[in-house]
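**Student:** Build me a model from this:
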Amino acid sequence: MTVTLHHRSLLVLPDQSVSTSVSPTSVQNYLISGTSIEISPNPTTDNVVISFKTSEYQTAEIQIADILGNVCRSYTADGVEFTIKSSLSNFPSGTYYLLINIQDEKIVRKIIKL
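**Tutor:** This next block holds a predicted model:
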């Protein structure tokens, strides 16, 4: 088990190495060369829009998981530009994690549901 702490956020998943960071309004980073990720609005009370672009055609596995690692939503998409609108209206308030797998790269971001 690997635990990584960045910017006062903590994620522990068995047998996986992950890290996460938080921004109160939106998250945008360049973790995989040529890939940017945006989560908006974050925090949210209902819908969240997840969008990112890659420098080349990719298959992306996108999941939203609760704090215990249980997958609440799951998507698979192919392309260069990805936009997913997901309703969190039936989710209890709390912290969720956006998990994106592209090739062998894993990206984790925090989503706050108010």
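
**Student:** rest of the way, CA atoms for contacts and neighbours
**Tutor:** OK.

**Student:** Tell me how many other residues crowd the residue lying closest to residue 52 once chain neighbours are set aside.
**Tutor:** Nearest residue to residue 52, sequence neighbours excluded (CA to CA, 6 or more residues apart in numbering): residue 37, at 4.4 Å. Neighbour count for residue 37, taken as other CA atoms under 10 Å: 21.

**Student:** Now do the phi/psi pair for residue 37.
**Tutor:** Backbone torsions of residue 37, given as degrees, to the nearest 10, read phi -130, psi 130.

**Student:** Mind pulling the model confidence for it?
**Tutor:** Residue 37 is assigned 88 on the pLDDT scale.

**Student:** is it true that it touches residue 54?
**Tutor:** No - Residue 37 is beyond contact range of residue 54, at 9.4 Å (criterion: CA atoms under 8 Å).

**Student:** Can you tell me which helices and strands the helix or strand encompassing residue 75 packs against?
**Tutor:** In this assignment (DSSP states H and E), residue 75 forms part of strand 71-87. Judged by 3 or more CA pairs under 8 Å, 6 or more residues apart in numbering; DSSP states H and E, the packing partners of strand 71-87 are strand 47-66.

**Student:** List the contacts of the strand it packs on.
**Tutor:** Applying CA atoms under 8 Å, 6 or more residues apart in numbering, the set of residues contacting strand 47-66 from outside is 33-42, 71-89, 95-103.
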